[in-house]
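J.: Show me how the following folds:
(chains A and B)
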2 protein chains.
Amino acid sequence: MKISNPLSLPIFVSLTLFANMYSAAQNANAAKPRQVKPTLVAYEKYIDDKMDAHLKEFIELVSIPSISSIPSNKPDVAKAGAWIVNKLKDIGMTTAQLIPTNGNPVVYGSWNKAPGKPTVLIYGHYDVQPVKESEWNNPPFSPVLKDGKIFGRGASDDKSGVMTTIWAVEAMLNKDGKLPVNVKFMFEGDEEIGSPYFKAFLEKNKELLQADFALNADDGQYDENIPAMTLSLRGSVQLQFTVKTANIDAHSGQFGGKTPNAVLAMSQIIGSLYDKLGNVAVEGFYDKVVPVTSAQKETIKKIPYDPAKDMALLGTTAETGDPAYSPLERTWYRPTLEIVGMQGGYTAAEGHSNIIPGNAMARITCRLVNNQTGPEIIDLIVKHINKHCPVGATVTYQFKPGFASPVTLPADTKEYKYVSDVLSEIYGKQPLQLASGGSVGAMLYIKEILGLLAYPLGFELADEKWHASNEFFRVSSIRKGQLVYCNYLQHLADEESKLKK
Amino acid sequence: MKISNPLSLPIFVSLTLFANMYSAAQNANAAKPRQVKPTLVAYEKYIDDKMDAHLKEFIELVSIPSISSIPSNKPDVAKAGAWIVNKLKDIGMTTAQLIPTNGNPVVYGSWNKAPGKPTVLIYGHYDVQPVKESEWNNPPFSPVLKDGKIFGRGASDDKSGVMTTIWAVEAMLNKDGKLPVNVKFMFEGDEEIGSPYFKAFLEKNKELLQADFALNADDGQYDENIPAMTLSLRGSVQLQFTVKTANIDAHSGQFGGKTPNAVLAMSQIIGSLYDKLGNVAVEGFYDKVVPVTSAQKETIKKIPYDPAKDMALLGTTAETGDPAYSPLERTWYRPTLEIVGMQGGYTAAEGHSNIIPGNAMARITCRLVNNQTGPEIIDLIVKHINKHCPVGATVTYQFKPGFASPVTLPADTKEYKYVSDVLSEIYGKQPLQLASGGSVGAMLYIKEILGLLAYPLGFELADEKWHASNEFFRVSSIRKGQLVYCNYLQHLADEESKLKK
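T.: Next comes the predicted model:
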């Protein structure tokens, strides 16, 4: 997923005035006249009428710091889960409950009053990434609405997916008193730590979760005007390690010249992880990587990729990596090893301490492809670090429980076509077929255990600063997402009925 | 300065009981019977009688977080200075005042009622290093007395130097109503940031500071039983720099494979600063370094240096550095470049964030020798970093105002002999002649501007964790330091009188 053109609502608008202003702005900004099936007009009105109330709800949910990677936030994750269960009850789902796992609970909600009709299982996650609070323009858990965007941690990734799908079901239940198909919601609370407990959850609740179709709401579109379907996701795995050279920091004068420095040792280890081209220098790292196929190269050719736009988004001045592969090949089809954080010695904002640091910590995230698995890759990295650990330094590892497997979805299925049809209708053009460098661990488990291909149908956009500071979600996407989901549920019912006849 | 044997007072003792218990323990532990001149017996009694009161005072002073490198602690530095001025007034100094500088004020106190007698200028500093609070067993500015040690930031470096010298003068004034020589105290508030304002202070107050002898109380002994005089100090200079690869942190899935990583770039820069032997790889860094002389090698031969003890002190498992030089040669007579801190990306204690860091920060402290100067060395480092900065990264520098010049003191002067005589008498053996890898910026300025050789006379010991967490000072050194200073002032008066006759 790449750059999008931000919706240019010019000013901070009050919630009360928002809905009408929004509609006007939307109409003024729309590149093409929006096509809405006559059957969807009623839902559209409901969606617009309820926008203020929904934004208030959204701000409530985004306010809850449901950070899964910080143990002390566990009560907040539970609070967010309970909030969503209440919302599911409010809109009239048949059942709504928290299902315990070995980690955080899964929010489960079901509407099953359409016997003989297909059942759709919708995946999303309500946990969020941690924050670097000082870098936020507003506190990350005190969301603000500004210029048509809601700023807050998790607003895009993935509380947008959770709430957009719930509101779509709410609109249909409200207008029709029923849904055209059966719906099961399944919102995970440990996605951001690699879904370590999700496989066991699916195995234990296999019967409850039976469905005919599955969708992944933790995904996005190419930009505001170009739809897309992500058919390939990289996997991911995480590692934390500490380099120790001494029990205490040493006086740099008293001991400098004969005492190992943990930050230097860490820097040398980090440097050793890469070759000069930027490839990962860990022995065996690429052993299970399949060369980029001609089909993948064809997929990339269709993407209007603009490196300058991509770099402007981040403020980078160069694209790095092995030039033997194009940037999208590297991001979509090649594995990576990133240092996501490193700290050692005196690093307070102010001051200067003349010490030789005795320890340093670093965190790694790898993105995996093809048949690479988390445990194998971690094993290779640990062997590499142990081998390259400088004299006087020792390394200890903090292993993370979860990892996400890479996953690929076919484009020649009816499941693909149903999603593609709806996106084509609402956006007025066929969706691009994308790969993603990102990871959603649950996808492979849903395929393996439930036998379902969870096709992507989400409305995040690439500039929405997922995982970074000042994450936001577009109000326009809240609206569009609901329309698409209403359309999808109706379309699915219609098409499956035809097949039955 | 090396390892010492901690005074083994077994338990936490109350201040009320301390003096008597201390004396008993001291006598039990003394390796040899302590020699005290008959003239010193009265001072000794006063010192022991006042120990409880002095410990209370010391805890008061150490409680003030006079961290010079943190701007927001400026009021605390001022508070510590004012506290010392009050103490100087209390003991009966002729004048006591804060003298403003372009940085923190210098505490100045003078007793000038011995006309015809020499004047001694005593240097120390009352500012301290910053702290990593979480690593302390007790809060660093809530000092505790335990096992004959006072734990707190600055207890050893250098509030011990400030207070030991003041209490010695207090003892003499109290017992005799006068001092045998004239005394001027000059306690700096910016030593830990490299004394950037001290040269201008000396130039401006040159007349006021006129003296015949100078001592540096910010120094130590070899261990509790072996005296030492540090005749050579390395200089030091500091630098902070930031590597930037992007305006924001990037999602490691979305952008990983084509986006530069600031922590990797920083690691590569840090790695480039050293060769394989651990020498500094910055071009020109050693240009002004004089080869280790045979006299210096002779000095080192006399030192009972035990690498195992030194390593046990820190918990290191190896001595590192170019084996072409012995460990003490590297620490005393060779310059160093240490990374004192480095941070980039997500490094909170808990959690894991899948980002590509957009920036990383590092701090450097260099120790200088011979004719190396701070500005020249910084210039060479900046050139090196700019040259080795990877594609996609930019570096910005935060230059620090101060630097300390290396300084060497001769051993064939009467100034040296007076100090040496007194140490020999109290310890029962000649002081070792040491060099130090540490730095006291003011020493060169005192030599250049006041024309005085400030010989070391301090009681810090090498295991007291200067600059590190859980810094402490020994109560036994408070006692011994006062005795030595009383002895020195009397000895100086006696010897100078003889010369006049």
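
J.: quick one: contacts for the spatially most central residue of chain A?
T.: For chain A, the residue sitting closest to the mean C-alpha position, by CA atoms, centre = their mean, is A:D157 at 4.9 Å. By CB atoms under 8 Å, 6 or more residues apart in numbering or on different chains, A:D157 lies in contact with A:V128, A:Q129, A:D218, A:E460, A:E464, A:W466, A:H467, A:E471. (C-beta placed from N, C-alpha, C; glycine too.)

J.: I'd like those residues as CSV, with pLDDT appended.
T.: Below are the contacts of A:D157 laid out as CSV (pLDDT from 0 to 100):
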residue, pLDDT
A:V128, 97
A:Q129, 95
A:D218, 95
A:E460, 97
A:E464, 96
A:W466, 93
A:H467, 91
A:E471, 97
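
J.: which stretches of chain A aren't confidently modelled?
T.: Under the criterion pLDDT under 70, the flagged ranges of chain A are A:1-36.

J.: Show me it divided up by domain.
T.: Listed domain ranges for chain A are A:15-233+A:406-500, A:235-289+A:335-404 (source: automatic domain parsing).

J.: quick one: A:D127 from A:S68, how far?
T.: Per CB to CB, to the nearest Å, A:D127 is found 4 Å from A:S68.

J.: if I look at those two, which residues touch both of them?
T.: In contact with both A:D127 and A:S68: A:V77, A:N104, A:G189, A:D190, A:E191, A:E192, A:I193, using CB under 8 Å, 6+ apart.

J.: Mind checking which of those residues are in helices?
T.: Judged by DSSP state H, those include A:V77 as members of helices.

J.: contacting residues around A:Q482?
T.: Residues counted as contacts of A:Q482 (CB under 8 Å, 6+ apart) are A:Y43, A:I47, A:T164, A:W167, A:A168, A:A171.

J.: so it sits in a helix?
T.: Yes: counting by DSSP: H, G, I helix; E, B strand; the rest coil, A:Q482 is found in a helix.

J.: Apart from its neighbours in sequence, what residue is nearest it?
T.: Nearest residue to A:Q482 in three dimensions, chain neighbours excluded: A:A168, at 4.4 Å (CB to CB, 6 or more residues apart in numbering or on different chains).

J.: do you know how far that neighbour is from A:K45?
T.: Using CB to CB, A:A168 is found at 14 Å from A:K45.

J.: and those two? which has more neighbours close in?
T.: A:A168 (24 against 12; other CB atoms under 10 Å in any protein chain shown).

J.: element containing the more buried one?
T.: helix A:159-176 (DSSP states H and E).

J.: Which positions within that helix qualify as buried?
T.: Buried residues in helix A:159-176, counted by 16 or more other CB atoms under 10 Å in any protein chain shown: A:159-173.

J.: For that helix, name the packing helices and strands.
T.: Helix A:159-176 is packed against helix A:41-49, helix A:51-62, helix A:74-91, strand A:106-111, strand A:119-125, strand A:182-188, helix A:475-500, with contacts defined by 3 or more CB pairs under 8 Å, 6 or more residues apart in numbering or on different chains; DSSP states H and E.

J.: give me every residue that touches the residue nearest to A:Q482.
T.: A:A168 is in contact with A:Y43, A:G481, A:Q482, A:L483, A:V484, A:Y485, A:C486, A:L489, counting by CB under 8 Å, 6+ apart.

J.: Could you pull up the residues touching the first one?
T.: For A:Y43, the contact set (CB under 8 Å, 6+ apart) comprises A:A168, A:A171, A:M172, A:K175, A:Q482, A:L483, A:C486.

J.: give me that answer again for 10 Å
T.: Neighbouring residues of A:Y43 by CB atoms under 10 Å, 6 or more residues apart in numbering or on different chains: A:36-37, A:168, A:170-172, A:174-176, A:482-483, A:485-487, A:490.

J.: now the fourth one
T.: Shown in contact with A:L483 (CB under 10 Å, 6+ apart): A:34, A:36-37, A:40, A:43-44, A:47, A:164, A:168, A:171, A:422, A:425-426.

J.: quick revisit: next one: phi and psi at the residue nearest to the centre of chain A?
T.: A:D157 adopts backbone torsions of phi -110, psi 90, taken as degrees, to the nearest 10.

J.: Quick check: A:R479 vs chain B, distance?
T.: Distance, A:R479 to chain B, using CB to the nearest CB, to the nearest Å: 24 Å.

J.: er, A:V131 actually
T.: 8 Å.

J.: thinking that residue is in contact with A:S142, fair?
T.: No: A:V131 is beyond contact range of A:S142, at 11.6 Å (criterion: CB atoms under 10 Å).

J.: Looking at the two, which is more packed in?
T.: Using other CB under 10 Å, the more surrounded residue of A:V131 and A:S142 is A:V131, with 26 against 12.

J.: list the contacts for the more buried one?
T.: Contacts here follow CB under 10 Å, 6+ apart; on that basis A:V131 touches A:65, A:67, A:70, A:139-141, A:152-154, A:467-471, B:346, B:348, B:351, B:353.

J.: Now go through those and say which are in strands.
T.: Using DSSP state E, the subset of those located in strands is empty.

J.: Only the buried members of the residues you listed: can you turn that into a PyMOL selection?
T.: Selection command for PyMOL covering only the buried members of these, criterion 16+ other CB under 10 Å:
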select buried, (chain A and resi 65+67+70+140+141+152+153+154+467+468+469+470+471) or (chain B and resi 346+348+351+353)
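
J.: Next to chain B, which bits of the stretch 351-500 of chain A? Give me the list.
T.: Within the stretch 351-500 of chain A, the positions adjacent to chain B are A:351-358, A:360-367, A:390-394, A:398, A:400, A:402, A:404, A:436-440, A:462, A:464-471 by CB under 10 Å from any CB of the partner chain.

J.: CA atoms only for stretch A:313-329 - export them in PDB, please.
T.: Output of stretch A:313-329 as PDB, limited to C-alpha atoms (Å, rounded to 0.1, in the frame of the first residue of the first chain):
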ATOM      1  CA  LEU A 313       6.000  10.500   3.100                       C
ATOM      2  CA  LEU A 314       8.800   9.600   5.400                       C
ATOM      3  CA  GLY A 315      11.200  12.400   4.700                       C
ATOM      4  CA  THR A 316      13.900  10.000   3.500                       C
ATOM      5  CA  THR A 317      16.500  11.100   1.000                       C
ATOM      6  CA  ALA A 318      17.400   7.800  -0.600                       C
ATOM      7  CA  GLU A 319      16.000   4.300  -1.100                       C
ATOM      8  CA  THR A 320      18.400   1.700   0.200                       C
ATOM      9  CA  GLY A 321      18.800  -2.000  -0.300                       C
ATOM     10  CA  ASP A 322      20.300  -4.400  -2.900                       C
ATOM     11  CA  PRO A 323      19.800  -2.800  -6.300                       C
ATOM     12  CA  ALA A 324      19.500  -6.300  -7.800                       C
ATOM     13  CA  TYR A 325      15.900  -6.100  -6.700                       C
ATOM     14  CA  SER A 326      13.400  -3.200  -7.300                       C
ATOM     15  CA  PRO A 327      12.100  -1.400  -4.200                       C
ATOM     16  CA  LEU A 328       8.700  -3.200  -4.300                       C
ATOM     17  CA  GLU A 329      10.400  -6.500  -4.800                       C
END
